[in-house]
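>>> below are the sequence and a predicted model; questions follow.
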Amino acid sequence: MALVLRSVDKNGKVIERFVEVQHVPDTTSNTLKESIDAFIHFNELSFSNLRGQCYDGVSNMKGEFNGLKTKILNDQPCAFYVHCFAHQLQLALVAVAKDNVDVNTFFLLANNVVNNIGASSNRLLKDIQSFEFVFLLFLMKSILGITNDLSQALQNDDQEIVNVMALVNTCEEQLLYMRNYEGFDLLLTKLNDRFNETSTELLICLASLSPNDSFAAFDKEKLLCLAQLYPQDFTKQDLLALEDQLDIYIHYMRSRSDFSQLQSISDLAKKMVEKRLHQVFQYVYLLIELALVLPVATASMERAFSAMNIIKSSLRNRMGDQWLNDSLVVYIVKYVFSCIDNETIMTRFQSMRSHHGQI
């Protein structure tokens, strides 16, 4: 099990960082919850500070009664669950490929082309020269081109959930222009089914924080509703103060040219810190922080497992858990260690215990 923590630093920047891989005997929700509890306790953290959780959609993770998300929500009701957006996109595309006969046949033929490249096959050559195959080739290129932009955006570890929601809507709008083909209605249906979480109260309220088009999406009532979803962060007195602060906040933001071109709440957070407005509008900034810490996708965890295949090679297949974790951290977040020179590392290693010679 890979663990990744997401937070907002003092400069308003989103930090999503791999922490460790934990060895678990099985993947039941009870075992995973016990491992997370042990991690929280060992690192002297607290569930009281947890505001979001993100996994794929398997039953042991998102089950309403015994899933891991439910067990964590029982400890911390404000740790809102987000089904990995990248996983939802993949499920929608795979479902369309299976349910549409023409698309399914196309991918079977494409797979045969890859597997039989260089081999002589008159039947295969005839199939890929047919009008149906060439038409579907260009069609799927267009579809996957549209969804690829969304897929690539979901790989960014500092991606924010409000921006992703906008990208999903843009993807659906682009596909609407191409819906004359019978498979498009199915694709749009699958996308709507998979991304139905974007219609939940939490995400609808979050959209009101967007600074796009001079804060066109701003909605005071929705932002007050958003604050009410976090009773541990906003007391009744805080809500009253927030109600007054929102009027001043939106008037100030719309009257300043340096805030008119912002494209995301991540940009908004950094700009507010730069101008020290996070101290002036502290309740609004808290809402922005809560929005930014919500995870979007599990791409960071997937990259951790990919890195593990590189680190734990056939020549190093007896690595212990601690050595593996230490190696993974250095490899995955190498940008953190890039500023440390070799002399400092050698001095640290030399001081850990006595050595026969000087390094």
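Done, it's in.
>>> quick one, longest helix in this structure?
Ranked by residue count under DSSP state H, the longest helix found in the chain is helix 131-153.
>>> list the contacts for residue 112?
residue 124 (C-beta atoms under 8 Å, 6 or more residues apart in numbering). For the C-beta atoms, the positions are set from N, CA and C on the backbone; glycine is no exception.
>>> and it, how far from residue 97?
Using C-beta to C-beta, to the nearest Å, residue 112 is found at 15 Å from residue 97.
>>> ranges for the strands of the stretch 51-200 of the chain?
Assigned by DSSP state E, counting those that start in this stretch, the strands in the stretch 51-200 of the chain fall at 52-55, 80-83.
>>> mind giving me the packing neighbours of the last one?
The reference is to strand 80-83. Applying 3 or more C-beta pairs under 8 Å, 6 or more residues apart in numbering; DSSP states H and E, one finds that strand 80-83 contacts strand 52-55, helix 68-75.
>>> repeat the analysis, applying 6 Å as the threshold.
strand 52-55 (3 or more C-beta pairs under 6 Å, 6 or more residues apart in numbering; DSSP states H and E).
>>> parallel or antiparallel, list what pairs with the strand it packs on.
If you go by DSSP bridges, strand 52-55 pairs up with strand 80-83 (parallel).
>>> select, out of the strands of the stretch 51-200 of the chain, the one closest to residue 277.
When these are compared by C-beta to C-beta, strand 52-55 sits nearest residue 277, at 24.3 Å.
>>> average pLDDT for stretch 87-99?
For stretch 87-99, the mean per-residue pLDDT is 78.
>>> residues of it that come out buried?
Buried residues in stretch 87-99, counted by 16 or more other C-beta atoms under 10 Å: 87, 88, 89, 90, 91, 92, 93, 95, 96, 97.
>>> let's have the residues you listed in TSV, adding distance to residue 172.
Listed next are the buried residues of stretch 87-99 as TSV, based on distance: C-beta to C-beta, whole Å:
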residue	distance to residue 172
87	18
88	13
89	11
90	16
91	15
92	11
93	13
95	15
96	13
97	18
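>>> closest one to residue 258 out of these, please.
Minimum separation from residue 258 among the buried residues of stretch 87-99 (C-beta to C-beta) is found for residue 89, which lies at 34.7 Å.
>>> sorry, back to before: the buried residues of stretch 87-99 in helices, which ones?
Among these, the residues falling in helices (DSSP H) are 87, 88, 89, 90, 91, 92, 93, 95, 96, 97.
>>> just the closest of those residues to residue 237, please.
Distances from residue 237 to those, taken by C-beta to C-beta, are shortest for residue 88, at 38.6 Å.
>>> tell me the spacing between that closest one and residue 301.
Residue 88 is 16 Å from residue 301, where distance means C-beta to C-beta.
>>> so what's the residue count around residue 134?
11 (other C-beta atoms under 10 Å).
>>> ignore what I typed, I meant residue 346.
For residue 346, the neighbour count with other C-beta under 10 Å is 12.
>>> can you check residue 312 too?
By the criterion of other C-beta under 10 Å, residue 312 has 17 neighbours.
>>> next one, pLDDT for it please.
For residue 312, pLDDT reads 84.
>>> the bottom helix or strand of this protein by mean pLDDT?
Least confident helix or strand of the chain, by mean pLDDT, DSSP states H and E, is helix 182-194 with a mean of 64.
>>> following element in sequence after that one, please.
As assigned by DSSP states H and E, the chain's next helix or strand after helix 182-194 is helix 201-206.
>>> mind giving me the packing neighbours of that next one?
Against helix 201-206 (3+ C-beta pairs under 6 Å, 6+ apart) you get helix 220-228.
>>> send over the helix it packs on as CSV, restricted to the C-alpha atoms.
Below are the C-alpha coordinates for helix 220-228, written out as CSV (Å, rounded to 0.1, in the frame of the first residue of the first chain):
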residue,chain,number,x,y,z
LYS,A,220,-22.0,33.6,-1.4
GLU,A,221,-24.6,31.2,-0.3
LYS,A,222,-22.8,28.2,-1.8
LEU,A,223,-19.6,29.2,0.0
LEU,A,224,-21.4,29.5,3.3
CYS,A,225,-22.8,26.0,2.7
LEU,A,226,-19.3,24.8,2.0
ALA,A,227,-18.1,26.2,5.3
GLN,A,228,-20.9,24.4,7.1
